[in-house]
Structures are given as C-alpha cells and as structure tokens.
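Asker: I would like the atomic coordinates for the input below:
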Amino acid sequence: MGESKLKPRQRRRLRNVTYALGGCLSLYCFLFLSSTPSTTDNATSSHLPLRAPSIPLTPELLNDLSLGEARCSAAFPGLTKEVDGAVAQGPFNVKPHGDTGPVQGRIKDGQLYIIHAQRKADLSRDMLNSRTAALHQLHRAILTSPSPLPDTIFTLNFQDQPFGTAFTYSRAADPKPRSSSDANRDFLMPHFSFWAWNLPFIGSMSRASAAITSLEAEYSQAWHKKIPKAVWRGTAWFNSVHAPRLRFDLLNTAKGKPWADVETLEWTRSSNGPNNASNALRIEDFCRYKYVLHTEGVTYSGRFQFLQMCKSVVVSPPLQWWQHLTHMVRPVFSSELDLENTKSWKEGKKRWVPTERIREVWPVRYQPEEANMVFVSKDWSDLEDTISWLEEHPKVAEGIAKRQRELFVGGGYFSPAAEACYWRALVRGWAKVAKTEGMGWDELEGQTFEGFVLGQT
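Answerer: Predicted coordinates for the structure are as follows:
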C-alpha cells in the first residue's frame, strides 16, 4: 500500500508545529552556546548561566498577559532572579508613611486600592508620568492574573533614587550579598515605559519595539550597512554623584571625532505638551548605528532597555545600577581586548584596568565571542580604541549585537507576557515577606485604583 496523503489542513498544522519546534530549538542552541563563560573569577548567583525556554515562544504566547506561574517560568527562565534575591533577605515590616512619600496601596480580593499618595500638584510632569504608568502596570497584572494574587499592602517608589523598602526601578550594584540585616529591601519593578513614557521620541515599549523590529528588518542580512559610528544623545549635567563627569567626559572624548555622533540634547520646554529636543533621535533610529553608547544618570537610565532591543553593540562604563533584567547582561571588558594592536592606539598609553570593586560586581569574564555588551573605562579614555577594535573585528562586533537582540527580544524578556509575569511574581514575592499586622493598617482601606487614576488626568 502507498503512503496516505495528508489533507491541506493537516499539512498546515504539521508545518506550524514544525516551525514552532524549530524556533524553540534555535533559541535553545543560541542560549546554550552563549551561556558558559570561558573564565570566571568568584562567580556569584548574580551571574547564573542563561537557560533556554522549555516551551515554544510563539507570538501568541509573548503577547499573552494571563500566563500562569508555571508557564511564566517555562517561557522566561531566570526572569525573576531579582525578586528571588529580595525575598531571600527575609521578612520586614510595612509601616504607613502618609501622603508625602512613596505610594502605598492594598491588593485585596484581586482589586487594587491606593491608600497613600502625594498630591498631583506636588509632582512634576515626569514624576506623575512615572507614578501613573507604574500603577497601571501593576493594575493590569492583577486584572489579567489567571489565579488570585495574595492580599498584601505594598510600597511603590516611583522616584529614580531607591530608598526605603519598596517596589523600585533600580538598586545599587553592590558586590556584597544581600542579607536580612539590611535596613532597606529593593524589590525591582519594570520601568514605567513598559506602559508609556511621555517623550515624543520614545512613546512606549510596545511602540518602540514594533518600530525597532521594522527597522532591524532592513539590516537582517546587511549589518555591515549600519552607520559605523558610536551614537549618543543625552543631558550633559544629568550625572551621578559617584561619576559627576561621566557625560562631560564622553562629550570631550567624542568631540570632532569621525567615529562618533555624540551630542547633548537641546531641550525645548512646553507648558502644554511633552518636552522635546530639537536634535533628538527617535529611539528606534539609534539602531541604525553599529555602536550605541549608554550612560547612566543620577542612578539608572530608563533608555537602557530600548537600546538593548537593537542589534547594535551597546558600549558603556561598567553599570553601577541594576534594573530588573540587568543580571542578564554578559559584558566583555575593553581590558580583555588587544587594543594595543588597533590603528588608533597611541604608544605609551596606559591600559585601563577595572578596579577590584568592579570585578566583584561583574565577576565573570566573558570573551568577545560570548558577550552581549562591551564595558569601557569610566572616563571613556579607551572608547576610541574600543570602537576601532570592533571595526577591525566586524564579525565579532556583529555577534555581540546579535546576542543582545536575540536574548532580550528573541527570548521574549521585554514582551508584554514577561512584564505581566514579572509583576505577578513581584507581588507574590513581596507578600511572602511583608508583615503588616499591628502596623496601623486595619482602618486604612484606601481608594479604588479606578477612582484614584481619574483624579490624575
């Protein structure tokens, strides 16, 4: 007897399953091959090897806001490492702060209530954007949860600077293990731009993601056609007290150099609409360049996750502030590159060597063929030589850029599904260790989120 023929509908179904399995296998191979560093010095749990997803990352899954806990873990391995670290520090008390500090709210029976919040009139436009967007993210994660989230009372800090024990955007990159004796606990939350950022050249994560994907399609087989320069736009004075000259030094280093497109933003203030800058680039247009320069601000930089969506090499001094996915960065230090053999190297120049503290924060030494980011000296003194080395090793440079985009975009870590998964893990983790009994919360029910947010428009 001859082989039975498949019906067209069956062939389509078989083809879709084959594509899904093939995509999962490809991502697995990518993550597996790029997860093991060649050399390590005092590797810590902050730098665990990346694991591949155990289920196919289909477009439907990456946009599913209602994944259960098990499917979240299967789809996005390592997603909640920062939450797990905060929970491991043990229990803490949640005390009322009144209406002059961070937001305090209650999650009860699947509903969100706001108990304490600063008046709208006391907040800048930017801070109001940050607070409103973060609360919308939390509210969406609660409403779309496939199973009830635990009742709890939370504190949400929407300022750039972390303080107290709260949901917060970043934490200092401290090489010492976090312990129960620490007074403050940083429960890292996704940046507010995952909801929306009121800047005309950014907009939101979903808008930027779609625009970057469309742009990167133009270079899918032609990375060499990207602009061979290092690009940066920013506010020169917006520096940390720990690196007060970071951005000024970058501007001085790159001034007049043919390999650089570096400018300080020329802001135009608006009393009605959002602020803009006359020389700003739309966030997706950074991805037209081979090299994108990243600078932290007073603390973290909210643009980092947008740059990580590019198939471009992100170059930065060693990160001093961690956001909720920074543990997935796999940097190669410029000190590991043979910069002395580049055309730009000047005889007698002293090579930068990372300090002991930097090595404690970033203990794993990745080779260029393993990395997804490049770290340079804080004063940018080896930036020109690093760009020259990358230009002289185009296949290695493209590999660094490719690993970055394939992890954060291809791996779905910036997807709507991963964001909702993370927020629910954050609520569950907080609720495990937050102690509210006897703290004066019994009579403070709060206002429904729906009612509260109406007053913010």
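
Asker: what about the strands in the stretch 51-200 of the chain?
Answerer: Using DSSP state E, counting those that start in this stretch, the strands of the stretch 51-200 of the chain run over 92-93, 103-108, 111-116, 152-156, 166-168, 171-172, 186-188.

Asker: pretty sure Phe339 contacts Leu390?
Answerer: I think there's a mix-up here, since residue 339 is Leu and not Phe. No. Counting by CB atoms under 8 Å, Leu339 sits too far from Leu390 to count as a contact (10.5 Å). Glycine gets a C-beta too; all of them are placed from N, C-alpha and C.

Asker: between those two, who's got more neighbours?
Answerer: The residue with more neighbours, out of Leu339 and Leu390, is Leu390; 26 against 20, by other CB atoms under 10 Å.

Asker: which residues does the more buried one contact?
Answerer: Listed by CB atoms under 8 Å, 6 or more residues apart in numbering, the contact set of Leu390 reads 290-291, 313, 374, 396-397, 400.

Asker: make it 6 Å
Answerer: Shown in contact with Leu390 (CB atoms under 6 Å, 6 or more residues apart in numbering): Ala397.

Asker: burial count for Trp441?
Answerer: By other CB under 10 Å, the residues close to Trp441 number 17.

Asker: what residues are up against the closest residue to it other than its chain neighbours?
Answerer: Of all residues not flanking Trp441 in the chain, Ile153 sits nearest, at 5.7 Å (CB to CB, 6 or more residues apart in numbering). Contacts for Ile153 were tallied using CB under 6 Å, 6+ apart; they are 94, 106, 436, 441.

Asker: can you tell me which of the residues you listed has the most neighbours?
Answerer: For the contacts of Ile153, counting by other CB under 10 Å, the largest number of neighbours falls to Val94: 20 neighbours.

Asker: what about the nearest residue to Arg125 once chain neighbours are set aside, distance to Ser209?
Answerer: Nearest residue to Arg125, sequence neighbours excluded (CB to CB, 6+ apart): Asn198, at 7.1 Å. According to CB to CB, to the nearest Å, Asn198 and Ser209 sit 18 Å apart.

Asker: same check, this time on Thr144
Answerer: Thr144 is 19 Å from Ser209, where distance means CB to CB.

Asker: looking at those two now, which is surrounded by more residues?
Answerer: Ser209 (19 against 16).

Asker: over to that one. Which of the three states is it?
Answerer: Under DSSP: H, G, I helix; E, B strand; the rest coil, the three-state class of Ser209 is helix.

Asker: pLDDT value on it, please?
Answerer: Note on Ser209: pLDDT of 96.

Asker: list the contacts for it?
Answerer: Contacts for Ser209 (CB under 6 Å, 6+ apart) come out as none.

Asker: now the residue nearest to the spatial centre of the chain: which helix or strand?
Answerer: Among the residues of the chain, the one closest to the centroid is Gln305, at 4.1 Å (CA atoms, centre = their mean). Using DSSP states H and E, Gln305 falls within helix 304-307.
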